[in-house]
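Colleague: here is my input, please return the structure:
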Amino acid sequence: MGLSKASIIDCLRESYGETVTSAEIKAFCQMNDFNYQTITNKLTDFKVGRGKWNLEVTKETVHELEVTYNAPAAMPAVEQNLIPQKDDSFVKFGNFGDIKKLFSPVYSTLRLSRVSRVMVKRFLSNKRVPNSDGNSSV
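Modeller: This next block holds a predicted model:
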């Protein structure tokens, strides 16, 4: 028996049927004095799982599997702007005024990082500033 791909497949089909496991291939290699890696490298087109080969796999079924695998698993998410528009009739409540009074002197005296300075400055100015994605935030 030669070591061609067709002869290996024919011998495995005769001995073990259409589906072959790694244990069966190891037994086949031991009986015929072949190297396991050589045989499994020749059967890469027929591999269907870890330690499993299906010898009746054709190029058409492989193509069908690739098409279903490459298909999107879920629909893409729809982007929405969840930031509400500014309401001019909104009345501020709570500790907003007190916090603003506390932050004004702190901002001028502390050495803050650039990001912290920008955040505090936005808070004190009470303006909506557009983000990098085009949405505006306080």
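Colleague: C-alpha from now on. contacts and neighbour counts both.
Modeller: Fine.
Colleague: so where's the protein uncertain?
Modeller: 1-2, 57-62, 71, 91-92, 96, 100, 102-117, 120, 124, 126-138 (pLDDT under 70).
Colleague: quick check: residue 78 vs residue 72, distance?
Modeller: Taking C-alpha to C-alpha, to the nearest Å as the measure, residue 78 falls 15 Å from residue 72.
Colleague: and these two? Which one has more around it.
Modeller: The neighbour count for residue 78 versus residue 72, taken as other C-alpha atoms under 10 Å, is higher for residue 72 (8 against 5).
Colleague: so which residues of this protein form strands?
Modeller: In the chain, the segments counted as strands under DSSP state E are 19-21, 47-49, 52-54, 129-130, 136-137.
Colleague: quickly list the domain ranges of this protein.
Modeller: Per the record, the chain has its domains at 5-70, 96-137, by automatic domain parsing.
Colleague: for residue 33, see how far away residue 12 is.
Modeller: Distance, residue 12 to residue 33, using C-alpha to C-alpha: 14 Å.
Colleague: my bad, residue 44
Modeller: 20 Å.
Colleague: do the same with residue 86
Modeller: 80 Å.
Colleague: residue 39 now?
Modeller: 11 Å.
Colleague: then residue 4?
Modeller: Taking C-alpha to C-alpha, one finds residue 4 at 15 Å from residue 33.
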